[in-house]
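Undergrad: build me a model from this:
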Amino acid sequence: MLFALLQRSLDQTIDRVAMEEASQAAPQVGRADCARLQRQLFGIVVRRLDEKNARAFQTALAACGFATDLAPETTLFKLPSAHRTGGLHITPEALARTDLYGREVAVPWPQVVFAAAGRVEGHRRERRPTSVLDVVDRGRYGRRVVVNTVMEARSVPTSQWRIDLFFASDPMRIDWVAEQGRVSRLDGEPVRATDTDRLFAFLHALRDRLPPERMNRGLDLAGEDGAPRYPNLEAFEEEVVWHFHRLRSGGA
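TA: Coordinates of the predicted model:
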C-alpha cells in the first residue's frame, strides 16, 4: 500500500533546506525533489511512498516543526473530469451554467458541493513559423543561399483564471476559464482575463453562498493580497483534493 503526507493546515510552511535534511530519512524522497515539493505546498506534501518511507519522512518533518498527517493513497479523492462551460450565473435559488447549446442549466445551491477558484499559471506547446538560411550546393554552378520556413515548437507561458465547481449529481464537475484569446460570461456579461473587477465581484457573490469549508483559498481570498497564485493546474487540483479529504475525514 502507498501513502501520502498531508499538511494539517494550508498556512504551514517549511524552508527548502529543512525539507532536504528531512528527506535523508526517506530514500524514496529525492533531495533534488525537495525544491519542487517545498514550492508546491498546496495541501499534499508528497505522494506514493511506501509506509516505511512515509513514516520516516513524517517523523523527520515533525522534528523540523512541520507536522503532517499520513493517509493511504486509496483514501484520497480522485477528481472527476471537468466539463467546460462558457458561462455562469448566480441566482438566489441556484447556480446556473451554460451548456454546449448556450442554454442555462440551473443547479440548486444544496447540490453545489464545493467551489474552487484562482489564477493558474502553466505552459503550452506552440508551433510558429521561423525563417532559416540554408546553403544549397549547385555543383559547377556554385552555391546559393536560400531562405526556408520551418515550424518551430516552443513552450509558451500561460495564465488563466479558473472557477471549478463540484456537484452532487452529473456532471460532477464543471470548469470556467478566462485566458488570453478566450471570452467567457459571468452573470450574462462577457469577461476577459483582464476584467478582474467583474471577476472578483462574481467570486465574492459565489463565496457568500457557500460555507467556508466548501471553498478553496483562491475563492476565499479572491481579490486580497494573500490570495494564492497556483504555479500549475496540478497544484490547484491538489488543494481541492486536500479539502475533500478533510471533509471526508471530518477534519474541516
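Undergrad: from here on, just use CA atoms for contacts and neighbour counts.
TA: Noted.
Undergrad: who are the packing partners of the strand or helix carrying A18?
TA: For A18, the element it lies in under DSSP states H and E is helix 16-23. If you count contacts as 3 or more C-alpha pairs under 8 Å, 6 or more residues apart in numbering; DSSP states H and E, helix 16-23 packs onto helix 34-39, helix 51-63.
Undergrad: buried ones in the last one, by neighbour count?
TA: In other words, helix 51-63. Buried residues in helix 51-63, defined by neighbour count with 16 or more other C-alpha atoms under 10 Å: E51, N53, A54, R55, A56, F57, Q58, T59, A60, L61.
Undergrad: confidence score at the second one?
TA: pLDDT for N53: 98.
Undergrad: with adjacent residues omitted, what lies nearest to it?
TA: Nearest residue to N53, sequence neighbours excluded (C-alpha to C-alpha, 6 or more residues apart in numbering): A26, at 4.8 Å.
Undergrad: follow-up on the earlier one: which of the helices and strands packed on helix 16-23 sits closest to G122?
TA: Set against G122 and scored by C-alpha to C-alpha, the helices and strands packed on helix 16-23 come closest in helix 34-39, at 14.7 Å.
Undergrad: please report how far the residue nearest to N53 lies from A54.
TA: Between A26 and A54 the distance is 7 Å, computed by C-alpha to C-alpha, to the nearest Å.
Undergrad: low-confidence stretches in this structure?
TA: With pLDDT under 70 as the threshold, the chain has low-confidence stretches at 124, 126, 251-252.
Undergrad: give me the neighbour count for L49.
TA: Residue neighbour count, defined by other C-alpha atoms under 10 Å, stands at 21 for L49.
Undergrad: measure it to R55 for me?
TA: Taking C-alpha to C-alpha as the measure, L49 falls 9 Å from R55.
Undergrad: what's the answer for V132, then?
TA: For V132, the distance to R55 (C-alpha to C-alpha) stands at 56 Å.
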